[in-house]
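> Build the 3D model from these lines:
(one chain, ligands or ions: 1)
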Amino acid sequence: MPQAAVIFPVILGTLVLLYRYSKPQRWPPGPPPLLLVGNVHQMPKTHEWKTFAQWAKTYGDCVYVNVLGQPIVILDSFAAASDLLNQRSAIYASRPHLPMANLYTGSVILRVTYGYQTASEGDKFVALAEEVLAAFSIASQPGVWLVDIIPWLRHLPSWFPGTEFKRTAALANKDSPEMIQPNFVTTILSQSADVLPEEDRQDLMWAAGSLFGGKTCFINVLAGSDTTVSAISSFFLAMTMYPEVQSRAQAEVDKVGTDGRLPQLSDRPNLPYVECVMQEVKRWNPVGPLGIPHMSTKDDVYRDYHLPAGTIIMANVWSMLHDPLVFPDPHEFRPERFLNDKRAVEVNTCVFGFGRRSCPGVYFAEASLFIAICTALSQCNISNPTNSRGQKIGKDVEYQTGTISHPEKLFCNITPRAGTSGE
Ligand code: HEM
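The predicted model follows:
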């Protein structure tokens, strides 16, 4: 009898699992799962957006995977993401519970204070925030950590796979003087804020203040700033690779600064090409290639597919921004593509996410990015350095994996432009 008491629940449990984890007919297509574990063995460990883009070629723009019972749908086109995350935002605006992202980063975030003024260089909180962001970036990928799928794993010792927390190796390599350090770019950003005229600075502060109920929540702004900083490092990379774009943008910036002043936010309407450069910086190597995952709160039917409540939805922003039908030669940095193309501008909004969860920092981010780009263009020449053999350094750039992605290493020469205060 005691044997039956064990065997019966085991058989029943197995049947329930088989039923639950076998793929119902009406779910969207996707890579073939294994019994019980689903697609866990096929989930990419790095640069997921590239694997997901490959899957989309085989299965279409709405791909279904199951990771240990957790349904995940990957949307690979702007149309599909817009249909679900924008049009049906009411049921697709939740967030998955990711203990890995909350357990560790949350505790560190709580240590950071409100209203703190950063030092322009070597600020310990900036370093801390970068570390938090890098940690968040790797911890917030659904399906990567077992503990996200089976929350009670958090009670296991830290050596257990999936509960282990690794610090990212992505933080800057301090030995390389030419390399742009995240801190260095943060410094450019904060210095460009310092030189802003009072009215522009107040606009930025107002934007930040309104986001956080009148108080500037340091970590949120810095988290957003880190994303903005990642976009700025993409700008520096583009300038080393496309000198003709830099010259054209500088010529435009110089026209508004004929009275010797730096460009201001109020000049933005008169700088249409620089505006396109900023749009292209956001598109070319998006800093959030998969956005931040959403979760559905109700059962839904989409294109005859059944999407149960609790499905994690991932939008492959990288794919959408490299769709050759919207962005011909998508791997080329070509700002003029935005000059007269409303569709390109519309699709580019996916950089800031979708529906009710879309980024509340969008205006703040664009204003800071724009003013940082203008300041760099008006004050510096950015070029690709050469080594002692005269070869260009850093042509093949690797991108960091994780929620926030930016060039792993970025080499460039930055020299003051003739006639600027830097000389
Ligand atoms: C280039 C810079 C930035 C990019 C590309 C970016 C992108 C994003 C994306 C993709 C999301 C997720 C949207 C979704 O789930 O659909 C997001 C969320 C968010 N962003 Fe940004 N962001 C940037 C800068 C900022 C800045 C400067 C701030 C603050 C001042 C900020 C504050 C936030 C907050 C608070 C959320 C969470 C919204 C929520 O969960 O409801 N972001 N951002």
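
> Check the secondary structure at I313 for me.
For I313, the assignment made with DSSP: H, G, I helix; E, B strand; the rest coil gives strand.

> Which residue is the nearest non-sequential neighbour of it?
Leaving aside its sequence neighbours, I313 sits nearest to H294 (CB to CB, 6 or more residues apart in numbering; 4.5 Å). To be clear about C-beta, it is placed using only N, CA and C from the backbone, and glycine gets the same treatment.

> just the strands in the chain please.
Here the chain has its strands, by DSSP state E, at 62-67, 70-75, 294-295, 300-302, 305-307, 312-315, 380-383, 413-416.

> Give me the pLDDT value at G419.
Note on G419: pLDDT of 64.

> for D200, same thing?
Per-residue pLDDT puts D200 at 49.

> and if you look at the one 4 residues further on?
pLDDT, the model's per-residue confidence, is 44 for L204.

> Could you do the one 5 residues further on as well?
Predicted confidence (pLDDT) at G209: the value is 37.

> Could you tell me which residues of the stretch 301-423 of the chain lie near the ligand?
By CB under 6 Å from any ligand atom, the residues of the stretch 301-423 of the chain that approach the ligand are 351-354, 357-361, 364-365, 369.

> Now restrict those to buried residues only.
351-354, 357-361, 364-365, 369 (16 or more other CB atoms under 10 Å).

> Name the nearest of these relative to A315.
A315 lies nearest to F354 out of these, by CB to CB, at 6.3 Å.

> which regions of the stretch 251-400 of the chain sit below the pLDDT cut-off?
For the stretch 251-400 of the chain, the stretches with pLDDT under 70 are 387-388, 390-396.

> next one: the stretch 1-150 of the chain
1-6, 13, 15-25, 98-102, 104-150.

> where along it do the helices fall?
Along the stretch 1-150 of the chain, counting by DSSP state H, counting those that start in this stretch, helices occupy 2-21, 48-59, 78-81, 99-109, 124-139, 146-149.

> Now mean neighbour count and distance to H322 too, for the strands of the chain, in JSON lines please.
Below are the strands of the chain laid out as JSON lines (neighbours: other CB atoms under 10 Å; distance: least, CB to CB, whole Å):
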{"stretch": "strand 62-67", "mean neighbour count": "24", "distance to H322": "17"}
{"stretch": "strand 70-75", "mean neighbour count": "24", "distance to H322": "15"}
{"stretch": "strand 294-295", "mean neighbour count": "24", "distance to H322": "21"}
{"stretch": "strand 300-302", "mean neighbour count": "13", "distance to H322": "23"}
{"stretch": "strand 305-307", "mean neighbour count": "19", "distance to H322": "25"}
{"stretch": "strand 312-315", "mean neighbour count": "26", "distance to H322": "14"}
{"stretch": "strand 380-383", "mean neighbour count": "18", "distance to H322": "24"}
{"stretch": "strand 413-416", "mean neighbour count": "14", "distance to H322": "29"}
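
> Distance to P272 for these - can I get that in TSV?
Shown next, in TSV, are these (distance: least, CB to CB, whole Å):
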stretch	distance to P272
strand 62-67	36
strand 70-75	32
strand 294-295	34
strand 300-302	38
strand 305-307	41
strand 312-315	29
strand 380-383	21
strand 413-416	25
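
> out of those, which comes closest to L325?
strand 70-75 (16.3 Å).

> That closest one close to the ligand?
No. Using CB under 6 Å from any ligand atom, we find that strand 70-75 stays clear of the ligand, coming within 11.4 Å at best.

> helices or strands up against that strand?
Counting contacts by 3 or more CB pairs under 8 Å, 6 or more residues apart in numbering; DSSP states H and E, strand 70-75 is packed against helix 48-59, strand 62-67, strand 312-315.

> who does that strand pair up with?
strand 62-67 (antiparallel), strand 312-315 (parallel) (DSSP bridges).

> Extract the CA atoms of stretch 407-423 and return them as PDB.
Output in PDB follows, covering the C-alpha atoms of stretch 407-423 (Å, rounded to 0.1, in the frame of the first residue of the first chain):
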ATOM      1  CA  PRO A 407      29.900  48.300 -27.900                       C
ATOM      2  CA  GLU A 408      32.100  46.100 -25.700                       C
ATOM      3  CA  LYS A 409      35.200  48.100 -26.600                       C
ATOM      4  CA  LEU A 410      35.200  51.300 -28.400                       C
ATOM      5  CA  PHE A 411      38.400  52.900 -29.700                       C
ATOM      6  CA  CYS A 412      38.400  56.500 -31.000                       C
ATOM      7  CA  ASN A 413      40.500  59.600 -31.300                       C
ATOM      8  CA  ILE A 414      38.800  62.800 -29.900                       C
ATOM      9  CA  THR A 415      40.500  66.000 -30.800                       C
ATOM     10  CA  PRO A 416      39.300  69.600 -30.200                       C
ATOM     11  CA  ARG A 417      38.000  71.400 -33.400                       C
ATOM     12  CA  ALA A 418      39.700  74.500 -34.500                       C
ATOM     13  CA  GLY A 419      38.200  77.600 -33.000                       C
ATOM     14  CA  THR A 420      36.600  75.800 -30.100                       C
ATOM     15  CA  SER A 421      37.200  76.600 -26.500                       C
ATOM     16  CA  GLY A 422      38.900  73.200 -26.200                       C
ATOM     17  CA  GLU A 423      41.900  74.500 -28.100                       C
END
